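1. I would like the atomic coordinates for the input below:
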Amino acid sequence: MTESNSPMPLPERARVLFDPYGDWAAAEKIPIHVDFGHDLIALETSVWDRYDARGCFAHTYGAGDFMANYVIEVPPGKKTNPVKHIYEALFYVLTGHGSTRIWLPGGEVRTFEWGPSALFAVPLNCRYQFFNGSGLEPTRISCTHNAPLALNLYHNVGYVFDNPYEFPERIGNKKYFDGAEGDYSTYDNGPGTATENLWETNFVHDLTEFKLYDADMRGKGSLTVDFILADGVLHAHVSQIPAGRYKKAHRHAAGTHVHAIDGAGFTLLWYEGDSEFKEIPWRHGVMYTPPFWMFHQHFNTVPEPARYLACSLGSRRYPFVSLRRKSAEGLGSVSVQRGGRQIEYEDQDPRIHRKWLDEIARNGVASKMGDVFDEPAILALPKDRLTGVIQTPRSVGPAAI
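-> Alright, predicted model coming up:
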């Protein structure tokens with residue numbers, strides 16, 4: 001065996017750790033914003049060739065592996081390119097007035113008009129186009145979608161955006177594009193869980209006015225409704241927090257994109273064992289995503305009710321993942337002391353109510369929660385007593401998994 005002075009060839013770089021969704025997002029050449037949450041109305045956008053409009057990605061730390069968000073901005077008097085894709089998407093109108101044109105399987109074309117706080121879903125892989133109805137103001141639309149799931153699964157952009165397959169079963173009743181039309185139903189998971197109120201449609205004209213239903217198990221006076229949109233696996237629900245009250249803390253899977261619809265307040269987030277809260281102030285236009293299994297709690301701080309929209313993977317019809325199925329079975333409103341995911345008022349950290357009382361006092365709002373808390377005693381506590389590890393009861397039983 002003879003020795004050689006020739007250098008050994010370097011191994012080829014391993015073809016591992018690809019991120020098809022991340023690569024696609026970067027290749028779209030629009031801004032990619034990353035944070036706990038965003039003011040979607042204020043985010044910087046740039047020209048987006050795919051839509052022939054403007055846009056940006058609004059990525060969040062709590063988005064998880066399957067869900068993400070982008071913003072489409074249509075300039076005054078303009079329209080977007082027709083686009084289609086095999087990922088599902090929910091569209092929430094942030095600003096402006098306009099319309100959407102959808103090409104249904106078989107060639108039929110449907111058009112509907114929308115304004116601020118409208119919500120709609122384009123049935124899977126239908127071509128669609130947005131029109132700005134104003135010659136003076138741009139319109140912005142938030143799109144919450146599961147493109148990370150589709151692009152990382154197929155890792156082929158052409159397959160995702162140029163797939164010819166049609167899904168006529170996703171259209172549902174044609175009245176679902178009329179805005180005021182849909183089908184209402186309920187289901188009950190049994191004793192100790194909340195009754196779910198469902199509205200099936202493709203388009204809701206105005207979430208600020210839409211009828212909601214009692215959800216006292218999430219906090220006295222709370223209202224909510226769940227949506228099934230375009231027969232999809234994406235879930236959406238709208239909840240309302242009464243003036244002078246707030247919701248109970250809970251936790252769930254990653255990827256729930258929460259949009260503030262009206263009113264104002266803040267959300268606290270924390271993990272078991274944390275010593276400090278993460279706080280996100282919100283008003284219309286703000287969107288954020290609680291990370292996986294991170295407790296979060298929503299607080300209204302103004303004299304009017306406050307509504308928010310939550311969009312996530314796993315609808316009531318198609319839960320998709322086991323954690324979403326357990327949510328659909330009612331565990332989101334069951335105490336962690338009984339194997340659920342919710343912290344009851346009597347179990348929450350005393351700092352929480354004190355912080356909220358201080359906030360609403362600055363806004364001239366009176367508390368309506370004196371029936372639950374000894375508020376004079378809480379206000380009498382010195383602030384230096386309100387420190388230390390956040391008091392969070394631990395979950396019990398396998399149902400919490």
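2. what does the helix or strand of the chain with the lowest mean pLDDT contact?
-> Within the chain, no helix or strand scores below helix 322-328, which has a mean of 85 by mean pLDDT, DSSP states H and E. Helix 322-328 is contacted by residues 196, 235, 252-253, 312-314, 316, 319, 341, 399 when judged by CB atoms under 8 Å, 6 or more residues apart in numbering. Heads up, the C-betas are built off the backbone N, CA and C, glycines and all.
3. go again using 10 Å as the cut-off
-> With CB atoms under 10 Å, 6 or more residues apart in numbering as the test, helix 322-328 has contacts from 187, 189, 196, 226, 233, 235, 250-256, 292-293, 312-319, 321, 331-334, 339-341, 399-401.
4. Can you name every helix or strand that the host helix or strand of Asp23 contacts?
-> Asp23 belongs to helix 20-27 when elements are defined using DSSP states H and E. Judged by 3 or more CB pairs under 10 Å, 6 or more residues apart in numbering; DSSP states H and E, helix 20-27 is in contact with strand 32-35, strand 53-60, strand 68-74, helix 147-154, helix 157-161.
5. returning to what we had before: weed out the non-buried ones from the contacts of helix 322-328.
-> Buried subset of the contacts of helix 322-328 (neighbour count, 16 or more other CB atoms under 10 Å): 196, 226, 233, 235, 250-256, 292, 312-316, 318-319, 331-334, 339-341, 400.
6. just to revisit the earlier point, centre of the chain versus the next helix-or-strand element following the least confident helix or strand of the chain, how much separation?
-> Counting by DSSP H and E, the next helix or strand C-terminal to helix 322-328 is strand 342-343. Taking the mean of its C-alpha atoms, strand 342-343 sits 20 Å from the chain's own mean (CA atoms, centre = their mean, to the nearest Å).
7. Report the mean confidence score over strand 342-343.
-> Here strand 342-343 scores 94 as its mean pLDDT.
8. Over to stretch 356-370?
-> In the prediction, stretch 356-370 has an average pLDDT of 96.
9. which ones are touching Arg50?
-> Contacts for Arg50 (CB under 10 Å, 6+ apart) come out as 27-30, 72, 80-81, 83, 85, 161.
10. cool, Leu43 as well?
-> Going by CB under 10 Å, 6+ apart, Leu43 touches 31, 33, 35, 55-58, 70-71, 73, 140, 285, 287.
11. Greatest separation within those: which pair is it?
-> Maximum pairwise distance in these, criterion CB to CB, is 18.7 Å, between Asp35 and Glu73.
12. Between those two, tell me which one has more neighbours.
-> Applying other CB atoms under 10 Å to Asp35 and Glu73 shows that Glu73 carries more neighbours, namely 26 against 13.
13. For Asp183, state which of the contacts of Arg50 is nearest.
-> Using CB to CB, these come closest to Asp183 at His85, 26.4 Å.
14. gap between the closest one and Ala26?
-> Using CB to CB, to the nearest Å, His85 is found at 18 Å from Ala26.
15. between the two, which one's more packed in?
-> Between His85 and Ala26, counted using other CB under 10 Å, His85 has the larger neighbour count: 23 against 12.
16. Write down the beta-bridge partners of the residue nearest the centre of the chain, one by one.
-> The structure's the chain has its C-alpha centroid closest to His257; by CA atoms, centre = their mean the separation is 2.1 Å. Residues in a beta bridge with His257, per DSSP bridges, are Cys311.
17. Verify the stated contact: it with Tyr70.
-> No. Between His257 and Tyr70 there is no contact under CB atoms under 10 Å: 11.0 Å.
18. shared neighbours, those two?
-> By CB under 10 Å, 6+ apart, His257 and Tyr70 have these common neighbours: 58, 142-145.
19. Make a markdown table out of those and add secondary structure, pLDDT and distance to Tyr213.
-> A markdown table is the format used below for the shared contacts of His257 and Tyr70 (DSSP: H, G, I helix; E, B strand; the rest coil; pLDDT from 0 to 100; distance: CB to CB, whole Å):
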| residue | secondary structure | pLDDT | distance to Tyr213 |
| --- | --- | --- | --- |
| Ala58 | strand | 98 | 30 |
| Ser142 | strand | 98 | 25 |
| Cys143 | strand | 98 | 27 |
| Thr144 | strand | 98 | 23 |
| His145 | strand | 98 | 27 |
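20. Counting neighbours, which of those comes out on top?
-> Result: Thr144 is most packed of these (other CB under 10 Å), 29 neighbours.
21. Near Cys126, how many other residues are there?
-> 21.
22. For the longest helix along the chain, enumerate the helices and strands it packs against.
-> Counting by DSSP state H, the longest helix found in the chain is helix 350-362. Applying 3+ CB pairs under 10 Å, 6+ apart, one finds that helix 350-362 contacts strand 264-270, strand 295-300, helix 375-380.
23. ok and that helix relative to strand 264-270, angle-wise?
-> Counting by axes from the mean of the first three to the mean of the last three CA atoms, to 10 degrees, helix 350-362 lies at 170 degrees to strand 264-270.
24. in helix 350-362, what counts as buried?
-> 351-357, 359-360.
25. Make CSV out of those and add distance to Ala243.
-> Formatted as CSV, the buried residues of helix 350-362 follow (distance: CB to CB, whole Å):
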residue, distance to Ala243
Arg351, 22
Ile352, 18
His353, 16
Arg354, 19
Lys355, 17
Trp356, 13
Leu357, 14
Glu359, 13
Ile360, 9
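26. Pro393: which of those is nearest?
-> Taking CB to CB as the measure, Pro393 lies nearest Ile352 of the buried residues of helix 350-362, at 13.1 Å.
27. Extract the residue ranges of the stretch 1-150 of the chain that are flagged as low pLDDT.
-> Applying pLDDT under 70 to the stretch 1-150 of the chain picks out residues 1-13.
28. again, only using 90
-> Residue ranges of the stretch 1-150 of the chain with pLDDT under 90: 1-15.
29. Report how many residues lie close to Tyr165.
-> By other CB under 10 Å, the residues close to Tyr165 number 9.
30. Surely it is in contact with His85?
-> No. Using CB under 10 Å as the test, Tyr165 is too far from His85 to be in contact (11.8 Å).
31. shared neighbours, these two?
-> 124-125, 159.
32. and these as TSV, adding distance to Asp39 and neighbour count?
-> Output for the shared contacts of Tyr165 and His85, formatted as TSV (distance: CB to CB, whole Å; neighbours: other CB atoms under 10 Å):
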residue	distance to Asp39	neighbour count
Leu124	30	22
Asn125	31	19
Tyr159	34	15
